[in-house]
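Peer 1: I need the structure of the sequence given here:
(chains A and B)
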Amino acid sequence: MKKYDIIIVGAGVTGLRAAIEAVKQDLHVAVISKVHPLRSSSVVASGGLNAVLVNKNSSEEKQDSISEHFQDTMECGYDASNSEALNILVNKAPAKIKELEKWGCLFSRNKDDSIAQRKMGGASYSRTVYASDKTGRVIMNTLYEQCIRLRQNKPDMLRFYDEWFVQKLLTYNNMTCGVIALELATGKMEVFSAKAVIWATGGSGKIYGKTSNSLNNSGWGLALPLYAGASLRDMEYIQFHPTQLSGTHIMITEAARGEGAVLLNRKGERFLESYSDTNSKKELSPQDAISRNIRREILAGRGVNATCVHLDLTGLGSRKIKNKLPGVRELCKTFADLDPVRQKIPVTTGQHYTIGGINTDEKSQTDIDGLFAAGECACNGVHGVNRMEGNSLTETLVFGEIAAKQAASYIKQKHHKLPNTLFFKNAFSEEKNRVKTLLKKNGKVKPAEIKLRMNRAMDEFVGIYRDGMGLVEAAQIIKELKDIYQNDLQVSGMEARANYGLIDAIELKGSLDIAEIIIHSALKRNESRGVHFRNDFPTSKGRAKYSHIRYKKNKIKIRHIPIKVNVKPLLALFGEAKT
Amino acid sequence: MKEKHYKIAVFRFDPLIDTKQRFKNYTIPRNEVHTVLDALLYIRDHYDGTLAFRASCAQGRCGSCAMHINGKYGLACETPLRAGRNVVRPLSQLPIIKDLMVDMERFWEKYESIKPYLVRHSGEAHQSYENRKEMNEIIDCILCGACTSACMMTGLNLDFHGPAAYVTMNKFLKDERDAIHDQRMALVMGENGVFRCHSMYNCDEACPKNVKPSENILEIKKNIG
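Peer 2: You can find the predicted model right below:
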């Protein structure tokens, strides 16, 4: 058994930022990640991160402010954002930029050497800090570099377990006490005991087929805390990105629209103008409205073909594309064999972001003592019911740090009575037997077949537009697939060593459970709100009636938790950016 | 008429069990796949779940799936399958864990040995527009390992840092905010340092992101000269 003060599961931006803070708090830290940190999904993030920076040289009369950031996010999120969490996000964002800058992050800059910002969807000002269109990669490099520096200075404090797959979250009397993980290369299993755990596993997009998410984002990261007794919330809110490359569903960043790209139908018309909700801001409208209207345009037969519309960058000029959107050009050349300088890009909608997740408060505390969650896997309500572009990277940094701070004070305050060794021994042998049993499964159906059927059901019935009948059908399909998983699954290989097929089989259980929860949440919400649109209930019930849907334990039990809808920002709290 | 299937020969080897390395041939329906990674995933999903290889983002940004494909290094996710036979091997010069999965530890050790982090002068001077502009190409390095795997000198001398580490090194040497320029130079001056590079340009050819490691190495050498 390995002992640490704190274990961080996941090594994307949230996990690495949390790790840096945890070491600063003098804790012994283990970061456990299924892939090497620099292969995390965060590296795919492109467009940038929102933060209000004061430009002293600006001659413009009207300047961005923290309360504007608050208001824009609220508006994008249909006034459903948790105002406490959002307050923290907008206030802390500028300091996060400053901190990355201090660590050497290579942000793009203006000619006067100030940090460059671009305007993205939903924003009233140019507020998104970026590094061309490779922002996630550049931030990940910086954070990982700082982790290496910490480790070289304090070798005992920080340990990375790269390519270790966490298969169980351990709790004892509703208190976190560690995890059990499997080393992919050797198949070795190990118990990690800890006083606190930070959960930072990212998105769950691979439950869908048409998604821009990485192969890793299976939904397993949401399933483990659920199995351990945490609750999930807002799971019906799945964000669909409006511009994914047709066929591959590789994301063409929203920064493209931020820089001036336009969306065109087969007649070459900027069709967003003809819909009331995208009429004024057009390509810079909130994502949900753009995605819905792209689908409408395609369904009305005005798509470029049966599946896509055009994203047109040809008006931007090669210089702008080379400087600000080089990644878009590379992706188009590699994956679609076209040059966006001269040719229009065929794009379509696809799953992009999991707004719901592990229920936390604005301090990243989950329902389980000692378990903190932050980033895309968590849901503190900051995004309301429609995430504003550019807010998620900011969220990972702000709440990654907060999670570690909270975990540190939890560790220091509380008298921790970890369970005895027998508890860990039993948990370990239980997990070992589970893997052994799985490896003996020699039914007729491979995990990939089940996954494909799940993906198709989610794409077809749980997409941008949903209705009761479709959702019931999807629920039925998932139920059948769970039966097949239970009774007729085939698992590859004889041992756990370097056996990715086994990992697929383990994770698939989580994917199916999370899919089921998404479907039932969507069924339960018989109204349309934010990214959740029901054809059979096309209107919103209004603010007064708003409540969250939560899931607890593996029982599918729905609890409506009404929220205070506080649409007015707490302006009294806002001053200049506190750093 | 186009063939209905792609053919792909995949390197298979389990060092704990097999005595010999071998290639196994697979046939993949053409309408199901486009890239080499698609084919590998298809094999894992439909034929043999134990085929070991890494993959993550599947869009050329994470660097997981660097391997040797049809005579060249590249990312499996970015490389289209070709008609006729495709041949896929793991990165070379690194111990094989299983099949296409190699042990990257040595690669990361070298990366970490060059102090891959900014050490600032006191104060918080920000980077200038001009200085940042010089970094436009260097930030494209995703540390996939293709260049170092292709480098013959890295193969001959285990202590040589190799091209990927030097690309990162050059990022910090170029950075006007960095305070340990001299320390960094001392690291590359030694017997196993940057002059082990004999400018064979294998790294440039291998790089899937067109970062041109050899030019970065040349810039480091010029720093010395």
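Peer 1: Now do the same contact list for residue 158.
Peer 2: Defaulting to chain A. Taking CB atoms under 8 Å, 6 or more residues apart in numbering or on different chains, we find A:Leu158 in contact with A:19, A:23, A:29, A:31, A:147, A:150-151. (Each C-beta comes from the backbone N, C-alpha and C, glycine too.)
Peer 1: I was thinking of chain B, sorry if that wasn't clear
Peer 2: B:Arg106.
Peer 1: can you name the two of the contacts of A:Leu158 that are farthest apart?
Peer 2: A:Val31 and A:Leu150 (11.1 Å; CB to CB).
Peer 1: Sort out for me which of the contacts of A:Leu158 are in strands.
Peer 2: Under the assignment DSSP state E, those contribute A:29, A:31 to strands.
Peer 1: Which of the contacts of A:Leu158 ranks first by neighbour count?
Peer 2: Tallying neighbours with other CB atoms under 10 Å in any protein chain shown puts A:Ala19 at the head of the contacts of A:Leu158, with 32 neighbours.
Peer 1: Pretty sure that residue sits against A:Ala30.
Peer 2: No - in terms of CB atoms under 8 Å, A:Ala19 does not count as a neighbour of A:Ala30; the distance is 9.1 Å.
Peer 1: what touches both of the two?
Peer 2: Common neighbours of A:Ala19 and A:Ala30 (criterion: CB under 8 Å, 6+ apart): A:Ile8.
Peer 1: and A:Pro242, helix, strand or coil?
Peer 2: With DSSP: H, G, I helix; E, B strand; the rest coil as the basis, the three-state label of A:Pro242 is strand.
Peer 1: would you list every one of the helices in the stretch 451-579 of chain A?
Peer 2: A:468-488, A:500-524 (DSSP state H, counting those that start in this stretch).
Peer 1: most neighbours per residue, which of the ones you listed?
Peer 2: Comparing the helices of the stretch 451-579 of chain A by mean neighbour count (mean count of other CB atoms under 10 Å in any protein chain shown), helix A:500-524 comes out on top with a mean of 23.
Peer 1: That one and chain B in contact?
Peer 2: Yes - against chain B, helix A:500-524 shows contacts by CB under 8 Å from any CB of the partner chain at A:500-502, A:504-505.
Peer 1: Nearest to chain B among those residues?
Peer 2: Relative to chain B, the closest of the residues of helix A:500-524 next to chain B is A:Gly501; by CB to the nearest CB it sits at 2.2 Å.
Peer 1: Okay, and the residue in the stretch 101-250 of chain A that chain B sits nearest to sits in which element?
Peer 2: Nearest residue of the stretch 101-250 of chain A to chain B: A:Gly104, at 3.1 Å (CB to the nearest CB). A:Gly104 belongs to no helix or strand when assigned by DSSP states H and E.
Peer 1: from what I can see it touches B:Ala179, true?
Peer 2: No - judged on CB under 8 Å, A:Gly104 makes no contact with B:Ala179 at a distance of 11.1 Å.
Peer 1: Surely A:Glu401 is in contact with A:Ala19?
Peer 2: No - if you go by CB under 8 Å, A:Glu401 and A:Ala19 don't touch, sitting 10.3 Å apart.
Peer 1: any shared contact partners between the two?
Peer 2: Common neighbours of A:Glu401 and A:Ala19 are not found (criterion: CB under 8 Å, 6+ apart).
Peer 1: domain ranges for the chain?
Peer 2: I went with chain A, as the question did not name one. Split into domains by automatic domain parsing, chain A comes to A:2-237+A:355-413, A:241-351, A:422-545.
Peer 1: wrong chain, I was asking about chain B
Peer 2: In the assignment given by automatic domain parsing, the structural domains of chain B cover B:5-102, B:105-224.
Peer 1: Pull up the distance across the last one, start to finish.
Peer 2: By CA to CA, to the nearest Å, the extent of domain B:105-224 from end to end equals 29 Å.
Peer 1: for that domain, what is the average pLDDT?
Peer 2: Summarised as a single mean, pLDDT over domain B:105-224 is 93.
Peer 1: Got the confidence number for the residue of the stretch 101-250 of chain A closest to chain B?
Peer 2: Listed pLDDT for A:Gly104 reads 95.
Peer 1: State the distance from it to A:Lys412.
Peer 2: From A:Gly104 across to A:Lys412, the span is 31 Å (CB to CB, to the nearest Å).
Peer 1: nearest to A:Gly12, of the helices of the stretch 451-579 of chain A?
Peer 2: A:Gly12 lies closest, by CB to CB, to one member of those: helix A:500-524, at 17.1 Å.
Peer 1: list the helices and strands that closest one packs on?
Peer 2: On a contact count with 3 or more CB pairs under 8 Å, 6 or more residues apart in numbering or on different chains; DSSP states H and E, helix A:500-524 meets strand A:164-172, helix A:220-227, helix A:421-439, helix A:447-461, helix A:468-488, strand A:547-552, strand A:558-562.
Peer 1: which residues touch the longest one?
Peer 2: Residues external to helix A:468-488 that are found in contact with it (CB under 8 Å, 6+ apart): A:443-445, A:450, A:453-454, A:457-458, A:460-462, A:508-509, A:512, A:515-516, A:519-520, A:522-523, A:526, A:534, A:536.
Peer 1: how about whichever residue of chain B sits closest to chain A, what does it touch?
Peer 2: Residue nearest to chain A within chain B: B:Gly49 (2.2 Å; CB to the nearest CB). If you count contacts by CB under 8 Å, 6+ apart, B:Gly49 has them with A:446-447, A:491-493, A:499-502, A:504-505.
Peer 1: now swap in A:Arg497 and tell me
Peer 2: Contact analysis of A:Arg497 by CB under 8 Å, 6+ apart lists A:185-187, B:16, B:98.
Peer 1: what residue lies at the spatial centre of chain B?
Peer 2: Geometric centre of chain B, nearest residue: B:Gly145, 2.1 Å, by CA atoms, centre = their mean.
Peer 1: my guess is that residue meets B:Phe107, correct?
Peer 2: Yes - look at B:Gly145 against B:Phe107 with CB under 8 Å: they come within range, at 5.1 Å.
Peer 1: which residues do the two both contact?
Peer 2: The contact sets of B:Gly145 and B:Phe107 overlap at B:94, B:164 (CB under 8 Å, 6+ apart).
Peer 1: Now do B:Ala58 against A:Ala85, distance only.
Peer 2: 32 Å.
Peer 1: and what of A:Gly493?
Peer 2: Separation of A:Gly493 from A:Ala85 (CB to CB): 44 Å.
Peer 1: residues from the stretch 151-300 of chain A in reach of chain B?
Peer 2: Contact residues (CB under 8 Å from any CB) of the stretch 151-300 of chain A with chain B: A:152, A:185, A:214-216, A:248, A:250-251.
Peer 1: secondary structure class for the most centrally placed residue in chain A?
Peer 2: Chain A has A:Glu376 as the residue nearest its centroid, 3.0 Å off, counting by CA atoms, centre = their mean. Assigned with three-state DSSP, A:Glu376 falls in the coil class.
Peer 1: Per-residue pLDDT of it, please?
Peer 2: 98.
Peer 1: and the nearest residue to A:Lys267 once chain neighbours are set aside, what does it touch?
Peer 2: Nearest residue to A:Lys267, sequence neighbours excluded (CB to CB, 6 or more residues apart in numbering or on different chains): A:Arg302, at 6.8 Å. By CB under 8 Å, 6+ apart, A:Arg302 lies in contact with A:265-267, A:271.
Peer 1: Cheers, nothing more for now.
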